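Enquirer: need a structure here:
(one chain, ligands or ions: 1)
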Amino acid sequence: MKVRSIARAAAALALICGVFTSCTNTTDKAADESPAKYVFLFIGDGMGAAQTAVTESYLSSLKGENGGEELCFTGFPVLGSCTTYSADRQITCSSASGTAIACGVKTLNGRLGLDPDGNRLKSIAFDLKEMGYRIGIMSSVPVNHATPASFYAHNASRDDYYSISMEIPESGFEFFGGSGFLDYRGKDGKSAPASEVLESKGYEVCFGESEFKSESATAEHLVFIQPEGREGDADNYEVEEMREEDSSLAEMLQMGLEYLGEEQPFFVMCEGGEIDWAAHDNMTMPMIEAILGFNEAVRTAYSFYEKHPDETLIIVTADHETGGVTLGSDGTDTIHWDVFKTEGKSDIPVSKEENARLNAAAKIGWTTDGHTGAPVPVYAIGKGAERFAGRMDNTEIKGKILGTENRR
Ligand SMILES: [Zn+2]
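Expert: I've put the predicted structure just below:
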């Protein structure tokens with residue numbers, strides 16, 4: 001609560017100062033609109049307003065309360081609402097919305113970094129790289145999955161995973177992180193392993209934290225993936241499950257920050273990818289655990305912000321909502337969290353039927369195993385955060401970060 005009230009006071013002061021300088025000093029105003037030196041863009045894949053409400057309700061229930069718990073980012077002082085439709089569908093997929101967020105242009109579902117006519121788009125990561133920023137792109141799921149790929153790849157199909165991996169070295173971005181690579185040896189399993197190709201093109205590929213510790217100091221470009229055994233992760237929630245020796249998203253972000261350093265400005269895109277995968281399966285507890293892991297990563301960035309409050313911007317949003325989850329179903333006014341605590345408190349997904357029974361008994365509603373067209377929240381704190389207040393479209397996020405307010 002204290003963090004939130006201090007943050008809100010700081011944001012209010014920033015707003016007042018912004019108004020004051022805009023009336024008095026145009027030079028200061030121009031300086032004010034430059035992007036923050038350190039930019040964190042967090043994307044909780046599939047994380048709509050209800051996903052965080054369900055998570056907060058669960059946390060409150062652990063204290064025997066009906067509400068009141070907040071996540072690190074839901075306490076941020078600036079709140080906006082973002083529309084997510086794609087160029088051809090009311091309900092977007094992750095590559096079309098990732099492209100809209102990264103490049104500021106709507107495209108067709110399934111496309112990455114290309115507009116509806118097939119023209120190449122430039123993501124904000126390339127813009128900021130040209131401005132001297134070091135770039136970190138990371139995700140809790142494979143590094144060539146749709147959301148991270150939206151920031152570096154250009155492909156008519158989000159499923160062309162091997163070609164997408166090959167665009168990593170072309171980007172020249174400093175740090176990539178993910179669980180592994182989809183189609184690690186190509187679709188037919190006969191191509192050179194993605195890590196070998198990347199290493200031949202000047203990227204050090206570190207399998208796990210111990211390799212990161214021994215190899216990162218001398219690497220000019222680095223890809224961090226989980227320890228051996230997960231380099232060929234499947235696009236499937238059950239296969240994706242974390243192992244004891246794996247690094248969490250927060251740990252991956254910490255390594256990324258260590259690697260990028262503070263001397264030069266940086267842009268970090270950090271995705272919580274299994275939020276979406278758990279929500280597709282309507283798995284309530286695994287989704288909550290994915291959001292709590294994502295929240296820990298945001299907390300890592302928040303600690304950084306506390307050291308550099310005038311130079312840091314943190315944005316937390318989603319590419320779309322997944323599952324149409326609701327806090328309450330069947331006309332109830334009570335959530336029975338005890339059902340999960342006593343019967344299903346496990347991060348191991350249960351059978352579809354058992355899962356449906358647990359959700360029904362707990363009164364957590366789900367309306368689809370796909371995405372929905374519901375708008376998603378945008379939470380922001382730090383330099384330029386005020387631009388993210390109110391209603392926006394996902395194509396406006398890039399311009400708001402850059403300070404160019406690319407209204408379309
Ligand atoms: Zn999805």
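Enquirer: the strands in the stretch 201-350 of the chain, which residues?
Expert: 204-207, 222-225, 266-272, 312-317, 321-322, 326-327 (DSSP state E, counting those that start in this stretch).
Enquirer: cool, the stretch 51-200 of the chain as well?
Expert: Using DSSP E, counting those that start in this stretch, strands in the stretch 51-200 of the chain cover 78-83, 134-139, 175-177.
Enquirer: want to throw those into JSON lines with mean neighbour count, distance to Asp117 and mean pLDDT?
Expert: C-beta here means a position set from N, CA and C on the backbone, and glycine is covered the same way. Formatted as JSON lines, the strands of the stretch 51-200 of the chain follow (neighbours: other Cβ atoms under 10 Å; distance: least, Cβ to Cβ, whole Å; pLDDT from 0 to 100):
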{"stretch": "strand 78-83", "mean neighbour count": "19", "distance to Asp117": "22", "mean pLDDT": "98"}
{"stretch": "strand 134-139", "mean neighbour count": "24", "distance to Asp117": "26", "mean pLDDT": "98"}
{"stretch": "strand 175-177", "mean neighbour count": "27", "distance to Asp117": "29", "mean pLDDT": "98"}
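Enquirer: under the pLDDT cut-off, which ranges of the protein? List them.
Expert: Residues of the chain meeting the criterion pLDDT under 70: 1-32, 234-242, 343-349, 406-408.
Enquirer: mind checking which of the strands of the stretch 51-200 of the chain is nearest Thr334?
Expert: strand 78-83 (27.5 Å; Cβ to Cβ).
Enquirer: so what are the sheet partners of that closest one and their directions?
Expert: Using DSSP bridges, the strands paired with strand 78-83 in its sheet are strand 376-382 (antiparallel), strand 390-393 (parallel).
Enquirer: can you give me the helices for the stretch 251-400 of the chain?
Expert: Applying DSSP state H, counting those that start in this stretch to the stretch 251-400 of the chain gives helices spanning 274-280, 284-307, 338-339, 352-362, 397-402.
Enquirer: list of residues touching the shortest one?
Expert: Read that as helix 338-339. Leu358, Ala361, Ala362 (Cβ atoms under 8 Å, 6 or more residues apart in numbering).
Enquirer: which ChimeraX command selects the buried ones in those?
Expert: Here is the ChimeraX selection string for the buried members of the contacts of helix 338-339, based on 16 or more other Cβ atoms under 10 Å:
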select :358,362
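Enquirer: which non-adjacent residue is nearest Glu321?
Expert: Gly48 (3.1 Å; Cβ to Cβ, 6 or more residues apart in numbering).
Enquirer: contact partners for that neighbour?
Expert: Ala318, His320, Glu321, Thr322, Val325, Thr372, Ala374, Val376, Pro377.
Enquirer: same question, Met252
Expert: Neighbours of Met252 in contact, by Cβ under 8 Å, 6+ apart: Met138, Ser140, Gly177, Phe224, Ala297.
Enquirer: these: which two are farthest apart?
Expert: It's Phe224 and Ala297 that sit farthest apart of the contacts of Met252, by Cβ to Cβ, at 13.7 Å.
Enquirer: how close does the closest residue to Ala96 other than its chain neighbours get to Ile135?
Expert: Nearest residue to Ala96, sequence neighbours excluded (Cβ to Cβ, 6+ apart): Ser86, at 3.8 Å. To Ile135, Ser86 is 25 Å away according to Cβ to Cβ, to the nearest Å.
Enquirer: likewise for Tyr38?
Expert: On the measure of Cβ to Cβ, Tyr38 and Ile135 end up 12 Å apart.
Enquirer: which neighbours do those two share?
Expert: With Cβ under 8 Å, 6+ apart as the test, Tyr38 and Ile135 both reach Phe266.
Enquirer: wait, Glu167 touches Pro148, no?
Expert: No. Glu167 lies out of contact with Pro148 (Cβ atoms under 8 Å); the separation is 11.1 Å.
Enquirer: show me which of those two is the more surrounded one.
Expert: Pro148 (28 against 16; other Cβ atoms under 10 Å).
Enquirer: thought the more buried one was touching Ser140?
Expert: No. With contact defined as Cβ under 8 Å, Pro148 does not count as touching Ser140 (10.1 Å).
Enquirer: give me the common contacts of the two.
Expert: With Cβ under 8 Å, 6+ apart as the test, Pro148 and Ser140 both reach Gly178, Glu271.
Enquirer: returning to that earlier point: isn't the residue nearest to Ala96 up against Thr92?
Expert: Yes. Contact criterion Cβ under 8 Å: Ser86 and Thr92 qualify, at 4.1 Å.
Enquirer: more neighbours: which of these two?
Expert: Thr92 (28 against 24).
Enquirer: from Ala146, how far off is that one?
Expert: Distance from Thr92 to Ala146, by Cβ to Cβ: 11 Å.
Enquirer: now Lys37
Expert: 29 Å.
Enquirer: more neighbours, those two?
Expert: Ranked by neighbour count (other Cβ under 10 Å), Lys37 and Ala146 place Ala146 first, with 30 against 16.
Enquirer: which residues touch the more buried one?
Expert: Contacts of Ala146 (Cβ under 8 Å, 6+ apart): Cys93, Ser94, Ser95, Gly98, Leu112, Arg158.
Enquirer: Arg120 pairs with what?
Expert: Leu114.
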